[in-house]
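> Here you go, sequence then predicted model.
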Amino acid sequence: MVSITDLWLPVLLSAVAVFIVSSIIHMVFTYHRSNLTEIPDEKAYRNAVGPLNIPKGEYMYPFAGSPKAMESEEYQEKLKAGPVGILVALPNEPWPMGKSLAQWFIYCLVVGFFASYIAVQALQPGADYLTVMRIVGVSTFAGYALSLPQNSIWYFRKWSTTIKFIFDGLIYALLTGGIFGWLWPTA
């Protein structure tokens, strides 16, 4: 039987590999540059919203607060009058890239750990490369990609953006599955 502790090296190496490949994807390739676009008349928007000093967080406008309030005439009028949106407010400071990269690396470790848990339940020592790659690849694809459509379904993220991130998840899954297949314990 293979133990999760036997898989610390593929977990670590796959997290490092995904971290490096994701950095290359975002710094070298240009397909993610169209994920976000400029707001029309950004200057007017910033001048209007800036003085509100909105704390970092996620907001919806108009905001109802409950399903019952969403049925009210006042709320329905606000919807018709617009604007309607979801706002993610960030702090007024440079992007905390170091913190975000550290959290991303930890996330990659967590996905690898769960993939290793699934693999040890399904596979024996000496399992062939393609079988390991298939089991680990599918489980890591689930970890990296399958929750992403929720953002398009519920929060109106462009489907093209979601599909690009799912494609990235496929790359990460193949990479992780390959590393686990390569380093899988022998019989």
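Looks like it came in fine. Numbers count the residues shown, from 1 in each chain.
> and the residue nearest to I39 when sequence neighbours are not counted, what pLDDT?
Ranked by Cβ to Cβ, 6 or more residues apart in numbering and with sequence neighbours excluded, the top spatial neighbour of I39 is Y45, at 5.3 Å. Placement of C-beta: from N, CA and C, glycine included. Y45 carries a pLDDT value of 94.
> neighbours of Y45, just the number please.
Neighbour count of Y45, defined by other Cβ atoms under 10 Å: 12.
> Next: L12.
Neighbours of L12 using other Cβ under 10 Å come to 14.
> For it, report the pLDDT, please.
98.
> can you give me the helices for this protein?
Ranges of helices in the chain, per DSSP state H, are 8-27, 42-49, 67-70, 73-81, 97-122, 129-145, 149-155, 159-183.
> gap between M133 and G177?
4 Å (Cβ to Cβ, to the nearest Å).
> ok, now A142?
12 Å.
> Domains in this protein, by residue range?
4-36+95-183, 42-89 (automatic domain parsing).
> What is the burial count for L9?
So L9, with other Cβ under 10 Å, has 11 neighbours.
> In space, what's closest to it - neighbours in sequence excluded?
Nearest non-adjacent residue to L9 (Cβ to Cβ, 6+ apart): L183, at 5.7 Å.
> mind listing what that neighbour touches?
L7, L9, P10, L13 (Cβ atoms under 8 Å, 6 or more residues apart in numbering).
> Among the residues you listed, which one has the most neighbours?
Neighbour-wise, these (other Cβ under 10 Å) top out at P10, 26 neighbours.
> Hmm, S22 is touching Y172, no?
Yes. S22 is in contact with Y172 according to Cβ atoms under 8 Å; the separation is 7.0 Å.
> Please say which of the two ends up with more neighbours.
The neighbour count for S22 versus Y172, taken as other Cβ under 10 Å, is higher for Y172 (26 against 19).
> Pull up the per-residue confidence for the residue of the chain most remote from its centre.
The centre of the chain is farthest from one residue, E73, which by Cα atoms, centre = their mean lies 37.0 Å away. With respect to pLDDT, E73 scores 95.
> Which pLDDT value goes with the closest residue to A145 other than its chain neighbours?
Leaving aside its sequence neighbours, A145 sits nearest to G169 (Cβ to Cβ, 6+ apart; 2.9 Å). You'll see G169 listed with a pLDDT of 98.
> I am finished for the moment; much appreciated.
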